[in-house]
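> Got a predicted model here, sequence first, then my questions.
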Amino acid sequence: MHIIPPTLISFIIILGLLLVAFSYRTYKKLEQEQQHRLQILVDILHKEKKIEKILKKQSNTVEDLEKSINSKLNTIRVYLINIQFSLSEILH
């Protein structure tokens, strides 16, 4: 059976601790970057929701205007038909 020298065991333990410390540091750095990216996406999502609300309001306004214009056009059509009928009655 081979006996492992204490210096080799110490070196392996130190190397393992360094690997653990480096991995932990890398993990924390990556975690912070991902949290920052996630916050950016959340901010973009909030901006998009605000824009959606504004566009919905504008869309409703446009639809209301369209209905009003169509109603007025229908009223004008009826008046024109009445005038045309009246003129045809007068001329005949």
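Right, received. Where do you want to start?
> so how far is residue 67 from residue 16?
When distances are taken as CB to CB, to the nearest Å, residue 16 and residue 67 turn out to be 75 Å apart. For glycine as for every other residue, the C-beta is placed from the backbone atoms N, C-alpha and C.
> just the helices in this structure please.
Counting by DSSP state H, the chain has these helices, from start to end: 6-91.
> Any regions of the chain where pLDDT drops low?
1 (pLDDT under 70).
> one more time with 50
Counting by pLDDT under 50, the chain contains no low-confidence segment.
> gap between stretch 8-28 and the chain center?
Taking the mean C-alpha point of stretch 8-28 and that of its whole chain, the gap between them comes to 42 Å (CA atoms, centre = their mean, to the nearest Å).
> For it, C-alpha coordinates in PDB please.
Provided in PDB are the C-alpha atoms of stretch 8-28 (Å, rounded to 0.1, in the frame of the first residue of the first chain):
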ATOM      1  CA  LEU A   8       0.500  16.100  -1.900                       C
ATOM      2  CA  ILE A   9      -2.700  15.800   0.200                       C
ATOM      3  CA  SER A  10      -2.300  19.500   1.200                       C
ATOM      4  CA  PHE A  11      -1.800  20.500  -2.400                       C
ATOM      5  CA  ILE A  12      -4.900  18.500  -3.500                       C
ATOM      6  CA  ILE A  13      -7.000  20.100  -0.700                       C
ATOM      7  CA  ILE A  14      -5.800  23.600  -1.600                       C
ATOM      8  CA  LEU A  15      -6.400  23.000  -5.300                       C
ATOM      9  CA  GLY A  16      -9.900  21.700  -4.400                       C
ATOM     10  CA  LEU A  17     -10.600  24.800  -2.300                       C
ATOM     11  CA  LEU A  18      -9.400  27.100  -5.000                       C
ATOM     12  CA  LEU A  19     -11.600  25.300  -7.500                       C
ATOM     13  CA  VAL A  20     -14.600  25.700  -5.200                       C
ATOM     14  CA  ALA A  21     -13.900  29.400  -4.600                       C
ATOM     15  CA  PHE A  22     -13.400  30.100  -8.300                       C
ATOM     16  CA  SER A  23     -16.600  28.200  -9.200                       C
ATOM     17  CA  TYR A  24     -18.600  30.100  -6.500                       C
ATOM     18  CA  ARG A  25     -17.200  33.400  -7.700                       C
ATOM     19  CA  THR A  26     -18.100  32.600 -11.300                       C
ATOM     20  CA  TYR A  27     -21.600  31.500 -10.300                       C
ATOM     21  CA  LYS A  28     -22.300  34.700  -8.300                       C
END
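> Brilliant, that's me finished.
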